[in-house]
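[1] What would the 3D arrangement of this be:
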Amino acid sequence: MEILIDKKILLDGLDKIGKLLPSKPSIASLGGIYLEGKKDGISLTATDLQITLKVFLEAQVKEKEEILFPGKKFISLVKEIPDKTVQLRTKENILFLSSKNFHYKFLLMNVDEYPKLPSEQELFAKSDRTTVPSSLLLEMIAKTKYCVNINEPRIYFRGVLLEGKGNNLTMVGTDTRRLSLIQKTLDSEVSMKMILPLRFLEILPAVIPEESVTIAFTKNQIGVQSERMLFISQLLEGEFPEYEKVIPSGDTLLCAKIARSDFLESLSRISLLVSEKSNAMKFQFRKDLLVLSFESPDIGSGEEKLHMTYSGPDTDIVFNPEYVIDFLKTTEKETLSFFFLDKDKPALLQEEEEKEYQYVVMPIKA
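    Residues are numbered from 1 along each chain as shown. Just a heads-up that it's a prediction; the model follows:
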């Protein structure tokens, strides 16, 4: 096999593929990149057995072949190549990487030892599917994955729920101390319910194209496909909790309207004193005023006052400030609604007059 390919195109593909290559693979072949020569280009594949990524790259290909070669060393070398075009050529068990002024050899790995990959044709031909704009999917991931705790012993809490009902697509993340929910409207109807693993959510934003993607899903797999990319992941097992019951609602809720940027700046300053052991900050709601205060016998104390719109009774609630900051960093609307009832009940934050993106945070018992 002989391949001529633009270095920039090759490096872009390798950068995506490299995100799945383990530093210390449990199986030697998992450290390799699986290359298939095709009519008008090449496909590169990497897998860690739970997640598989395949990308297609335009190239000039002579003599189609399937090979497996060491991934990380190959990627590191390509990054240092100064030439704009590189040549890949195989002979017996050697991969030659060369250009005008350099020549390198890589010993090929045994392609027969590479794990059997999920069938693209089977997944997309025999499963349910829907088309989703990439920007919509990326927004939903960014506004939910930060609530996931990978160390949670219950496996269904180590990922994000993706649920589709009718034209509504909902994503929910929670670590039991807080919950983030975002809902979007699709042009077509969809029916799905699955738990996406955190690693899938962390890698997808780096490899997803700008246009729309097709999502296909079965009982235990999800596939995200575009014209030049295929991303398949195993799903997490278990029944996601009934998240609707956690979201505060009702006419008895108190509501404060707060400027997001001022709120974030004050919380960020005072939280500099917060430590892992001392992470309780008091939120004192007064008429048109929010007092944020923190006190620790080991560190010191701090207090800031924020003007806001609030006419309810005086209420003091203790929160972990980092949990509130995490939400504020993921929303761009300037005015937020802060709903609460008392010091023992969960609070609800959302963009003013909108329920598309909701965030529930549990108070700390003082």
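[2] switch to C-alpha atoms for all contacts and neighbour counts from now on
    OK.
[3] which residues touch the helix or strand bottoming out on mean pLDDT in the chain?
    Every helix and strand in the chain was compared by mean pLDDT, DSSP states H and E; the lowest is helix 120-126, with a mean of 73. Here helix 120-126 makes contact (C-alpha atoms under 8 Å, 6 or more residues apart in numbering) with 216-218, 223.
[4] Residue 183: what's it in contact with?
    Counting by C-alpha under 8 Å, 6+ apart, residue 183 touches 140, 168-171, 356-357.
[5] Likewise for residue 13?
    Contact analysis of residue 13 by C-alpha under 8 Å, 6+ apart lists 44, 55-57.
[6] Need these in a markdown table (columns: pLDDT and secondary structure).
    Listed next are these as a markdown table, based on pLDDT from 0 to 100; DSSP: H, G, I helix; E, B strand; the rest coil:
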| residue | pLDDT | secondary structure |
| --- | --- | --- |
| 44 | 97 | strand |
| 55 | 96 | strand |
| 56 | 96 | strand |
| 57 | 97 | strand |
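[7] Would you map the strands across the stretch 51-200 of the chain?
    51-58, 60-62, 66-70, 85-91, 94-98, 103-107, 128-132, 159-174, 178-197 (DSSP state E, counting those that start in this stretch).
[8] Centre of the chain to the first one, how far?
    Average the C-alpha atoms of strand 51-58, do the same for its chain, and the two points are 18 Å apart (C-alpha atoms, centre = their mean, to the nearest Å).
[9] in that strand, what's buried?
    Within strand 51-58, the residues that count as buried by 16 or more other C-alpha atoms under 10 Å are 51-58.
[10] Save the residues you listed as CSV, and put in distance to residue 272 too.
    What follows is those, written out as CSV (distance: C-alpha to C-alpha, whole Å):
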residue, distance to residue 272
51, 38
52, 40
53, 40
54, 43
55, 43
56, 46
57, 47
58, 50
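[11] Looking at those, which one is closest to residue 40?
    Within those, the smallest distance to residue 40 is 6.2 Å, found for residue 58 (C-alpha to C-alpha).
[12] Tell me what the closest one is bridged to.
    When bridges are called by DSSP bridges, residue 58 pairs up with residue 41.
[13] Wait, it touches residue 40, no?
    Yes: Residue 58 lies in contact with residue 40 (C-alpha atoms under 8 Å); the separation is 6.2 Å.
[14] burial of the nearest residue to residue 353 once chain neighbours are set aside, as a residue count?
    Nearest non-adjacent residue to residue 353, counting by C-alpha to C-alpha, 6 or more residues apart in numbering: residue 337, 7.7 Å away. Residue 337 has 20 neighbours, counted by other C-alpha atoms under 10 Å.
[15] Look at residue 337 and report its pLDDT.
    pLDDT recorded at residue 337 is 96.
[16] ok, now which ones touch it?
    255-258, 349-353.
[17] and those as a markdown table, adding neighbour count?
    Formatted as a markdown table, the contacts of residue 337 follow (neighbours: other C-alpha atoms under 10 Å):
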| residue | neighbour count |
| --- | --- |
| 255 | 20 |
| 256 | 21 |
| 257 | 19 |
| 258 | 23 |
| 349 | 24 |
| 350 | 24 |
| 351 | 22 |
| 352 | 14 |
| 353 | 9 |
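[18] Mind checking which of those are in strands?
    Per DSSP state E, strands hold the following members of these: 255-258, 349-351.
[19] that older thread, among the contacts of residue 183, which one lies nearest to residue 192?
    residue 169 (8.9 Å).
[20] so what's the closest one bridging to?
    In this entry, residue 169 is beta-bridged to residue 164, residue 184, by DSSP bridges.
[21] Tell me the pLDDT of it.
    Residue 169 carries a pLDDT value of 96.
[22] Tell me who's in contact with it.
    162-163, 183-186, 190.
[23] Buried ones among those?
    Using 16+ other C-alpha under 10 Å, the buried ones in those are 162-163, 183-184, 186, 190.
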